[in-house]
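A.B. asks: Dropping the sequence and predicted coords here.
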Amino acid sequence: MKIRTSIQLVNLILLTASVSAQSNIGRGRIQGLYQKHCAVCHGAKGEGGLGGEVNQGKWQHAKTDDQRAQVIRNGLPDLGMQGFGEILSEKEIRALVIYLHELEALANKERPRPDAQGVHQTEHLAYRMELVARNPKRMWGVTFMPDGRYLATEIDGNVRFISPDGSLEPPIENIPAIRRRGQGGMLDVALDPEYEQNGWVYLVFSHGNSNGAMTSFVRGKIVENRWTDEQVLFRANAKDYRGAGTHFGSRIEFQDEYVFFTIGDRGAQQQAQSLKVPNGKVHRIHRDGRIPKDNPFVGKSPYPSIWTYGNRNPQALVLHPDTGVLWSTEHGPRGGDELNRIQKGKNYGWPKVTFGMNYNGTPITEHTSRPGMEPPVWHWTPSIAVCGMSVADGRVYPEWKGDLLVGGLRSQVLERIRIEEGTLTEREVVLQGAGRVRDVKTSPSGTLYLILEDNGSRLVRLNPDTTP
Ligand code: HEC
């Protein structure tokens, strides 16, 4: 079956996607606030009445979030809407603006979706999705061996090779012990850029102690299917481990002699702003674990590996091969998933600024920007649950050359986004509904691979379709 997707349709599908799986969209305290103050004129679902409809993404007076906040604050008295600035806090106004995005998502719920099978016709190219391997366990990260095999982690704790024909090899022995709880477990894997000379393999995972768990980073070698020569590259102080089972971050990326890795806020929002703890940060170290002398917080933090802070849960990190920009996506709360340009020493604002609200529909803050805090280059509101990202290689996908491919968990989407001169110029859903997209990686020959979660997980690749 051929699927045509225009950008417009795709945006609808994207919004649909966020709603399809269980989530709080449309519910919680903010729903009560909307029903109390707005539904009488704009309809229970935003379908309109005395006031216009506010769930179609078509705005006559308020094209941007800021303008919508202003309309809610000051009203449109000439048209019959009084302002709510006196009775609603700025936080509540911000949460209502997010809620209007949710009403739009709900209104688009019934739209048809493209099929995940067969040829996927996108704006610029057609591709087929090919199954490489199926795993009854949930794979989390994958990388590519020089001999054509794959090396994949499983959140439950194993790491194993997958043959080119898709068969799973026995788990690697002596792999580091993980703390499996919630989102924690064996997470990402990467090969040293000079793997063929030095044999180093990098693993990031949740490591446990009596206080809870924290993201830890090691490297080692795999000899005869056994993990050896382990070096601990990053391990937090025991007192900084936390009980929560959420937000471990855990992507790895290399640049020159450095390696970056991410740690989510571990469910402790405010700690993302503190340089005393390692969570809610992007870190940079030398590949052997030494701290680079020019790291921004050397001498200012017990964790001199910190490169950026104010990051909520960054689960994608990729160095753009053409521009040298280090891109990250991070999960927002309810709304406000972010695409960030990671730059030395910067504060990405969580939780002092966000485009989202709390899961239960209570506001977090009215601030979407503040001086000294780096705004996202793009944000997804409602959230798509961003996870995994790679850059399209022009050798295999000339029409997508340099574009970012961003995965979504709950939304089950793969989005292609094009950034030109620092701003997003194109955005398209290129895969929808095939499973939760956990990882997106580009092989050394340039092909895009995904880990999709359903009952267990699948490793798939996207082959450009050349049939006329
Ligand atoms: C007494 C009726 C009334 C109430 C209550 C009301 N509005 Fe309105 N609203 C209107 C009218 C009328 C318009 C202008 C519609 C038009 O021009 O078609 C409007 C316009 C808007 C717009 C701009 C729409 C656009 O097309 O750009 C937004 C956003 C909005 N309202 C949000 C809200 C929210 C949120 C609440 C609750 C806090 C609310 N309104 C409560 C009557 C109301």
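C.D. replies: Structure's in. What do you need? Being a predicted model, the structure only gives us computed values, none of them experimental. Numbers count the residues shown, from 1 in each chain.
A.B. asks: Run a quick neighbour tally on the residue of the stretch 151-300 of the chain found nearest the ligand.
C.D. replies: Relative to the ligand, the nearest point of the stretch 151-300 of the chain is residue 269 (26.1 Å; Cβ to the nearest ligand atom). The C-beta positions use only the backbone N, C-alpha and C, and glycine is treated the same way. Residues near residue 269, counting by other Cβ atoms under 10 Å, number 18.
A.B. asks: Let me know the helix or strand that the nearest residue to it once chain neighbours are set aside is in.
C.D. replies: Closest residue to residue 269 apart from its sequence neighbours, by Cβ to Cβ, 6 or more residues apart in numbering: residue 351 at 4.1 Å. Following DSSP states H and E, one finds residue 351 outside all helices and strands.
A.B. asks: Please shift the residue numbers so they start at 45 in all later answers.
C.D. replies: Got it, the first residue is 45 from now on, which makes the last one we talked about residue 395.
A.B. asks: pretty sure residue 395 contacts residue 314?
C.D. replies: Yes - counting by Cβ atoms under 8 Å, residue 395 does reach residue 314; the two are 6.8 Å apart.
A.B. asks: Which one's more surrounded, these two?
C.D. replies: residue 395 (21 against 12).
A.B. asks: Quick check: that one vs residue 324, distance?
C.D. replies: 9 Å (Cβ to Cβ, to the nearest Å).
A.B. asks: who's in contact with residue 369?
C.D. replies: With contact taken as Cβ atoms under 8 Å, 6 or more residues apart in numbering, residue 369 is in contact with 363, 385.
A.B. asks: quick one: pLDDT of it?
C.D. replies: You'll see residue 369 listed with a pLDDT of 98.
A.B. asks: From the ligand, how far off is it?
C.D. replies: 35 Å (Cβ to the nearest ligand atom, to the nearest Å).
A.B. asks: repeat for residue 423
C.D. replies: According to Cβ to the nearest ligand atom, residue 423 stands 19 Å off from the ligand.
A.B. asks: Which phi and psi values does the closest residue in space to residue 289 that isn't next to it in sequence adopt?
C.D. replies: Once flanking residues are discounted, residue 289 sits nearest to residue 226: 2.1 Å by Cβ to Cβ, 6+ apart. Note on residue 226: its backbone torsions stand at phi 60, psi -120 [degrees, to the nearest 10].
A.B. asks: Count the neighbours of residue 226 for me.
C.D. replies: Counted with other Cβ under 10 Å, residues neighbouring residue 226 total 15.
A.B. asks: do the same with the one 10 residues further on
C.D. replies: For residue 236, the count of nearby residues is 17 (other Cβ under 10 Å).
A.B. asks: which helices and strands does the longest strand seen in the chain pack with?
C.D. replies: Looking across the chain with DSSP state E, the single longest strand is strand 256-267. When contacts are defined as 3 or more Cβ pairs under 8 Å, 6 or more residues apart in numbering; DSSP states H and E, strand 256-267 packs onto strand 245-253, strand 270-278, strand 302-307.
A.B. asks: which one of those has the most crowded surroundings?
C.D. replies: Each of those was scored by mean neighbour count; the highest is strand 302-307, a mean of 25, by mean count of other Cβ atoms under 10 Å.
A.B. asks: Could you list every helix and strand that it packs against?
C.D. replies: When contacts are defined as 3+ Cβ pairs under 8 Å, 6+ apart, strand 302-307 packs onto strand 256-267, strand 296-299, strand 325-330, strand 358-363.
A.B. asks: Partner strands of the shortest one and their direction?
C.D. replies: When sheet partners are counted by DSSP bridges, strand 296-299 sits next to strand 302-307 (antiparallel).
A.B. asks: contacting residues for the residue nearest to residue 269 when sequence neighbours are not counted?
C.D. replies: In space, and not counting its chain neighbours, residue 269 is closest to residue 216: 5.5 Å by Cβ to Cβ, 6+ apart. Contacts for residue 216 (Cβ under 8 Å, 6+ apart) come out as 202-205, 266, 269-271.
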